[in-house]
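**Student:** Would you be able to build a 3D model of this:
(chains A, B, C and D, ligands or ions: 4)
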Amino acid sequence: MSTETAAAPEAPRKRRNFNVLFGLTLLALLVVLWIVLSIATPSFASPVNIANLLRQGSMIAILAVGQTFVIITGGIDLSVGAVVGFSTVVTALMINAGWPVWLAVATTLLVGIGIGVFHGFGIVKMGLPPFIITLATLTSLRGIGLLMTNGNSINIQSEAFQTFSRGSFGGVPNLFWMVILVGVPAYVFLQHTRWGRYLFSVGSNAEAARLSGVNVNRTIYMAYTLSGLCAAFVGVLLASRIGIGNPTQAEGWELQAIASSVIGGTSLFGAVGSVHGPLLGAFILATINNGANLLNVNSFWQRIITGVLIIVIVYFDGLRRKGGR
Amino acid sequence: MSTETAAAPEAPRKRRNFNVLFGLTLLALLVVLWIVLSIATPSFASPVNIANLLRQGSMIAILAVGQTFVIITGGIDLSVGAVVGFSTVVTALMINAGWPVWLAVATTLLVGIGIGVFHGFGIVKMGLPPFIITLATLTSLRGIGLLMTNGNSINIQSEAFQTFSRGSFGGVPNLFWMVILVGVPAYVFLQHTRWGRYLFSVGSNAEAARLSGVNVNRTIYMAYTLSGLCAAFVGVLLASRIGIGNPTQAEGWELQAIASSVIGGTSLFGAVGSVHGPLLGAFILATINNGANLLNVNSFWQRIITGVLIIVIVYFDGLRRKGGR
Amino acid sequence: QQPTIPIIVKDTTSFYWQIVMAGARAAGKELGVNVPELGAQAETDVNGQISILENAVAGNPAAIVIAATEAKALGKPIDEAAAKVKVVGIDSAADSKAFTSFLTTDNVQGGRVAADGLAAAIGEANGGKIEGDVALITAQPGAGSLEQRAQGFKEQLAAKYPGLKLVADRYADGQATTGLNIATDLITANPNLKGIFASNLIMAQGVGQAIAENDLGGKVALVGFDSDEKLISFLNQGVISALVVQDPYRMGYDGIKTALAASKGEKVEANVDTGANLVTKANMKEPKIDALLNPKLN
Amino acid sequence: MSQAALRTDDALARGAPAPILELKGLEKRYPGTHALKPVDLAFLPGEIHAVVGENGAGKSTLIKLLTGAIVRTGGDMIWEGRSVPLSTPLEAQALGINAVHQEVVLCRHLSVAANIFLGDEETRYGLLRQRAMVRDAQKILDDLGFHLPAGVMLGDLTIGQQQLVAAARATVRGTKFLIFDEPTAYLTRREAEQLFALIRRLKAQGVTIIYISHRMEEVFELADRVSVLRDGTYVGTRAIGETDEPELVRMMINRSLEQIYHKEHFAFGAPIVEARNLSGKGFEDVSITVREGEIVGLYGLVGAGRSEFVTTLYGRHAKSAGSIHWQGREVDIRSEHDAIKLGMALAPESRRDQGLCLNLPVGFNINLPVYKRISANGLISNGEEKRQAEQQIGGLRIKTPTRHALASSLSGGNQQKIVIGKWLNHGAKLFIFDEPTVGVDVGTKAEIYRLFGELLRNGAGIILISSYLPEVYELADTLHVFRRGRLVASHGFRAATDETVLTEAIGKA
Ligand SMILES: Nc1ncnc2c1ncn2[C@@H]1O[C@H](COP(=O)(O)OP(=O)(O)OP(=O)(O)O)[C@@H](O)[C@H]1O
Ligand SMILES: Nc1ncnc2c1ncn2[C@@H]1O[C@H](COP(=O)(O)OP(=O)(O)OP(=O)(O)O)[C@@H](O)[C@H]1O
Ligand SMILES: [Mg+2]
Ligand SMILES: [Mg+2]
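**Tutor:** Ligands and ions are numbered 1, 2, ... in the order given. Coordinates of the predicted model:
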């Protein structure tokens, strides 16, 4: 908050020089990226590549949606990457133990919910900062997963399970359908139900929310549970995509998820966020990587460019937001 | 803020059951850890090991102090790990190019300052969220470092430079002296100068600070510059300790630094923090790792235990804080 | 127009893979092939590598050269890719029968060689007695080739060196400093520690520093895996007793060459072992070893 | 030429001193709001100049412009004959201009002393003289007659106390020109008296003072001249002797107002809530009954424990002894949720900390307590949401461009209206209003009091806490006086004189 306020007086002066770029929404910026890449490399706009791109952005997108719920309450969930890795192990073990796939998936999702409830407990009942409790889970969960697998990967013995993430339906990859499956209810939940409103109110002013009859504690439980659930779901998808259970996977995805969310306009101070924002953020990051690969950009340069593009995109998006107020 | 408030009413009820543990300060918790470990393993209390422990915690401790300045203003600096890695490269290149060590070190520190100024610029002038600008730097800096070294490690050709981090003075390892060298001025700066006070005021209420005539923008520049400076300094120390310049080193240290700071009682919502807190936090983490190594705890269990101990320590520290109010 | 053959490595930020890519680059220049150099940014980023493979296939190359980060996980994607283009494997295998050719160092064998090297060094330092405690430090869990090295190392110890007791089998987090810290602590906790196997480049750097820091060169033997300037200087100083060195340059070079041949429909050898060599102070000047230690990078 | 300029010319002609600060066509636009339309106004050295107007009239905006807190979008400011940009607070302070802003803008995490000296610390060899500053701050506070500890965290004080700290801070700096933006909103009569004494003393020292208040009697008590703003437009200036309250009110709201305090008496019904010997943090052994159709007023000095009492009743804090009976049945209220379910509603005293989600829209804030009612299976009815919001915005005349505007962009008084408005449609049985009219203009006050009557008519009961004695005095059917956490006296409607009540609240020396 502090810093945003501080910066506010400066921006408007510069605004005028960038009339065109300045009005662009995040979606428009993504489309601009796509157009540039389509011109720069013929393979970008090919159906195969578009399917690839959709697949590549999907998992971070779903994680980012879950993360956004938490961030809106003014919290943070650092554990999501570890939950994804751990979930691949849980799914793999159960499928290999002969459980039907649906049951293995359902159980994994329950595990994710359990982790989320634990976070809620740590924050609400033990009074721990979200950063600490989810960092602790991150560390511990990777350890537990490694213990369970003894550091090895578990080869998932179900063909059908693995085919899913490769398949597509109506020309759109299944993984992207999963984004829609998560995104649409998430949108309805956040924007059109009272629980969504409660998330915002808690993030804006927990005391005011409490005095207005909002069950603040339950709302916090809910946010972390949803984040855990999304992460476990991504774990299932990842297990399907890579065909193994391995607890060290998805390392650093928490930062990517948070970054997607923030690029999508979520404020880490809470009370500001949407569902489409993080989705766009995730696909912007995926597009940058995909484009760099196609253009054969040296992987070191790729990092540099990613950093610069993040700055540029968030800068222009910020200008638009300020102007729109 | 939201979540902290949320938890407040619960804690007092439980407090009574833990009368003894509850009064412990962070320092006391650290001492308890030390006593337990001294009993559990004979080698823990040996002079050699204590020197090792002091060395092992030093670098994160210094990073955490710099990070704390930033967090107090309500910001975050994700770039510190990358700055450390990058600084090892800068130092290594200059020393190998035949520059005198002091000049190489000074230049590296300047680079750190430059990076901090850049962050200040991004936040103040471009209106970017601190998370985004420092994440972008993290990504880009690693790329630039890799470009400079071509992914290779640079072997530092100065014996003297490397001896420094191994040496000790008055029985205390040089690296720990560096913590004191940073910690004491940092303490004076934060608690006893007006700039320190401005950091708190900006984190507490940037608008109030501005109306009181505090130069908020300059304060933000200052916080990030100090963090960059600390990170570059740690980079020099790391280069001396591992004897190479390698941009991929210190990966994830930003999280460790932030964790140390938060364990030490810094609030991620700003305006709450100290210098001794992050130092203690860093050495608590170092002790946990050192102890686990000495006890030859399975690496996987070590992660689990680290997570659990973080929760336990922060929980008890939180109880004390609440009681002390 | 030049044919395109991308090479996909495990971790572009590691020096080892830079040498592989340098070999591939050289081959590309010589043979007139366009060689995009791709790869994940960490050996454990399996999903990232799958995406990169998908992207590479989308670009319609003549063939693909790939080092799989994870054998099982990359199996299906490589099968899929092989349906469109020829795929040549290097370094690490994948659970796929679709490789046209496969050039590799056997990492399990590399682990065995390391055990032999460590035993020899310990014997030398202790008047021929090969006994005492040894430790294994692995950079990070979940990386296939590191697991294989560990496996080979442990198998060989058990089979051939009953006097050597593996007292610690530890994982770091991929950081030299962590390797350094673990090593100093192991040395403190185990006074009878005679040797350490640090199973990749960055761990050997960290552990080497621990030994140098405590002035234990010769007292605690250290065997590393792969080499760079720093490790060679450690070798020269006697901090490191031996290095297991593969031939990454050749893997890259031959990988592209084989892939080009395969793409033209020529018959290529299905399996090539590029070898793992034990380098000590004694043999490091031999021309063959010297070439391995100082690959031509450009 | 506008009226103001003419009057100033008159004043000059009569030999009055040259103005210290002159505004020429000063204006401020926000996106979507023309907060201050071109104003011409002159302030004379050493005068107390009151500025009055409805909520959202632009008073605070004017003040923020004068102190460099915001930058004007047009016009000119002439300071001692010289045009000045006044674009930063630092510049204003350098000229000797300082303000106590409407919302307490200080740092909660710093000590009282640190806040007083913020931006202007005492140092020796570059180091803070912390003990000296605490000592000096204490001296400043004591000299001003404010009984406040200088060493504690600001956030640990009540808002009223924070307001006093802000006043102390400003007086140290506002050497020539000092602005008070509703300084007495959270103060009781006694603290207000201290502040008035301070203001008169400053005036005697030749400091020019701008004083903003919605309390007319204060204006007449203090001011030399008074200027009126309406809807961002400057209406006129009067010498205090040449005007009266009805005229000012007419200038403010463009119509006349016969009566502010709408007091209707209803027959009391059954008791709604009874607190029996209730104790908790900040208060002890309090017994109070609220019946249907009754307004129970709680009066006391700042920190007397009234807010703590009602928040405990509301389940926010745990009680330590005693019992609560709801409609004759003993109840165990463990959370505000329980209280709301029973049928309580609380409009808390601090709109910033407890009342509002400032960075969320106005409509959101109004609907927050009723989202449960206007949603089916969790899904919110958009039409209902809109209807509820518009109803309150219209009924309370909340000045906002749309219901989607952020609460933080509203003027203080309009924010306060949201805090009240959000409960009006809740259908509660017991309404607790803690300082409901802080910063609310006279017109709206009258409207709020009228709404109280409506609530009572529907069989509800009201607990009204106010530090503004006339309000509780004129409205409460039963008036309880709190002193240091205890209930010391109770009176029926107008059964005691206001002096008695005040003495009871202060206690014998
Ligand atoms: N930051 C802002 N952005 C947009 N509009 C604003 C902002 N601040 C104030 N306004 C608008 O400017 C107008 C004048 O507000 P101001 O705070 O000056 O009123 P006021 O006279 O002080 O009222 P009150 O008596 O309620 O304090 C209001 O309509 C308000 O909504
Ligand atoms: N945040 C706080 N921290 C510590 N003490 C507090 C806090 N808020 C109030 N108090 C103390 O609790 C007691 C009761 O305060 P309370 O706010 O209930 O009084 P009040 O009669 O409502 O006065 P006010 O008009 O200031 O609201 C006082 O002694 C006050 O100083
Ligand atoms: Mg106002
Ligand atoms: Mg009160």
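**Student:** per-residue pLDDT, the residue in chain A that ligand 2 sits nearest to?
**Tutor:** Scanning chain A for the residue nearest ligand 2 gives residue A:207, at 11.2 Å (criterion: C-beta to the nearest ligand atom). Glycine gets a C-beta too; all of them are placed from N, C-alpha and C. If you check residue A:207, the pLDDT there is 94.
**Student:** thought it was touching residue D:351?
**Tutor:** No - judged on C-beta atoms under 8 Å, residue A:207 makes no contact with residue D:351 at a distance of 11.3 Å.
**Student:** What is the neighbour count of whichever residue of the stretch 101-250 of chain C sits closest to ligand 2?
**Tutor:** The minimum distance from the stretch 101-250 of chain C to ligand 2, using C-beta to the nearest ligand atom, falls at residue C:173 (43.7 Å). Using other C-beta atoms under 10 Å in any protein chain shown, the number of residues around residue C:173 comes to 16.
**Student:** Can you tell me, leaving aside adjacent residues, what's nearest to it?
**Tutor:** residue C:140 (6.1 Å; C-beta to C-beta, 6 or more residues apart in numbering or on different chains).
**Student:** gap between that neighbour and residue C:172?
**Tutor:** As defined by C-beta to C-beta, to the nearest Å, residue C:140 lies at a distance of 7 Å from residue C:172.
**Student:** ok, now which ones touch the closest residue to residue C:131 other than its chain neighbours?
**Tutor:** Once flanking residues are discounted, residue C:131 sits nearest to residue C:163: 3.1 Å by C-beta to C-beta, 6+ apart. Shown in contact with residue C:163 (C-beta atoms under 8 Å, 6 or more residues apart in numbering or on different chains): C:129-132.
**Student:** change it to 10 Å
**Tutor:** Counting by C-beta atoms under 10 Å, 6 or more residues apart in numbering or on different chains, residue C:163 touches C:119, C:122-123, C:126, C:129-132, C:134, C:157, C:194.
**Student:** Now restrict those residues to buried residues only.
**Tutor:** With burial judged by 16 or more other C-beta atoms under 10 Å in any protein chain shown, the buried subset of these is C:119, C:122-123, C:130-132, C:134, C:157, C:194.
**Student:** Run through the helices of the stretch 51-200 of chain A in chain order.
**Tutor:** A:80-96, A:101-124, A:130-149, A:159-166, A:174-192, A:194-204 (DSSP state H, counting those that start in this stretch).
**Student:** Show the backbone phi and psi for the residue in the stretch 101-250 of chain D that ligand 1 sits nearest to.
**Tutor:** Going by C-beta to the nearest ligand atom, ligand 1 is nearest to residue D:102 of the stretch 101-250 of chain D, at 5.5 Å. Phi and psi for residue D:102, reported as degrees, to the nearest 10, are phi -60, psi -50.
**Student:** Just give the number of residues close to it.
**Tutor:** 23.
**Student:** now it: how far from residue C:251?
**Tutor:** In terms of C-beta to C-beta, residue D:102 sits 73 Å off from residue C:251.
**Student:** Same question for residue D:138.
**Tutor:** Residue D:138 is 77 Å from residue C:251, by C-beta to C-beta.
**Student:** more crowded one of the two?
**Tutor:** Taking neighbours as other C-beta under 10 Å, residue D:138 and residue C:251 compare with residue C:251 leading, 28 against 17.
**Student:** Endpoints of stretch D:123-138, how far apart?
**Tutor:** 17 Å (C-alpha to C-alpha, to the nearest Å).
**Student:** Give me the distance from it to the chain's centre.
**Tutor:** 32 Å (C-alpha atoms, centre = their mean, to the nearest Å).
**Student:** next one: stretch D:170-187
**Tutor:** 14 Å.
**Student:** Name the secondary structure element that contains the residue of chain A closest to ligand 2.
**Tutor:** If you go by DSSP states H and E, residue A:207 is part of helix A:206-211.
**Student:** And for residue D:103?
**Tutor:** Residue D:103 belongs to no helix or strand, assigned by DSSP H and E.
**Student:** again, but for residue D:388
**Tutor:** Going by DSSP H and E, residue D:388 is part of helix D:382-395.
**Student:** quick one on the thing from earlier: quick one: which of the contacts of residue C:163 is nearest to ligand 1?
**Tutor:** Distance to ligand 1, by C-beta to the nearest ligand atom, is smallest for residue C:134 among the contacts of residue C:163, at 69.1 Å.
**Student:** State the distance from the closest one to residue A:136.
**Tutor:** For residue C:134 relative to residue A:136 (C-beta to C-beta), the value is 33 Å.
**Student:** Run a quick neighbour tally on residue D:153.
**Tutor:** Residue D:153, neighbours per other C-beta under 10 Å, totals 15.
**Student:** what is it paired to in the beta sheet?
**Tutor:** For residue D:153, the beta-bridge assignment (DSSP bridges) gives partners residue D:111.
**Student:** Check whether it really touches residue D:161, as I assumed.
**Tutor:** No - applying C-beta atoms under 10 Å as the test, residue D:153 and residue D:161 come out as separate, 11.6 Å apart.
**Student:** Quick check on the closest residue to chain A within the stretch 1-150 of chain C: phi, psi?
**Tutor:** The nearest approach of the stretch 1-150 of chain C to chain A comes at residue C:142, 3.2 Å away (C-beta to the nearest C-beta). Residue C:142 has phi and psi values of phi 90, psi 10 when expressed as degrees, to the nearest 10.
**Student:** For it, the count of nearby residues, please.
**Tutor:** Quick note: residue C:142 (other C-beta under 10 Å) scores 27 neighbours.
**Student:** That one reaches residue A:154, doesn't it?
**Tutor:** No - with contacts counted by C-beta under 10 Å, residue C:142 stays clear of residue A:154, the gap being 11.5 Å.
**Student:** so what sits against both of those two?
**Tutor:** Shared contacts of residue C:142 and residue A:154, counting by C-beta under 10 Å, 6+ apart, come down to A:244, A:246-247.
**Student:** Looking at those residues, which is nearest ligand 3?
**Tutor:** Nearest to ligand 3, judged by C-beta to the ion, of those is residue A:247 at 57.2 Å.
**Student:** Tell me which residues touch the closest residue to that closest one other than its chain neighbours, please.
**Tutor:** Leaving out its chain neighbours, the residue that sits closest to residue A:247 by C-beta to C-beta, 6+ apart is residue A:145, at 2.4 Å. Contacts for residue A:145 were tallied using C-beta under 10 Å, 6+ apart; they are A:82-83, A:85-90, A:151, A:245-249, B:300, B:303, C:141-142.
**Student:** hmm, try it at 6 Å
**Tutor:** Residues near residue A:145 by C-beta atoms under 6 Å, 6 or more residues apart in numbering or on different chains: A:85-86, A:89, A:247.
**Student:** any idea which of those residues is closest to residue D:218?
**Tutor:** residue A:86 (64.6 Å; C-beta to C-beta).
**Student:** wait, residue A:224 sits on residue A:119?
**Tutor:** Yes - contact criterion C-beta atoms under 6 Å: residue A:224 and residue A:119 qualify, at 4.0 Å.
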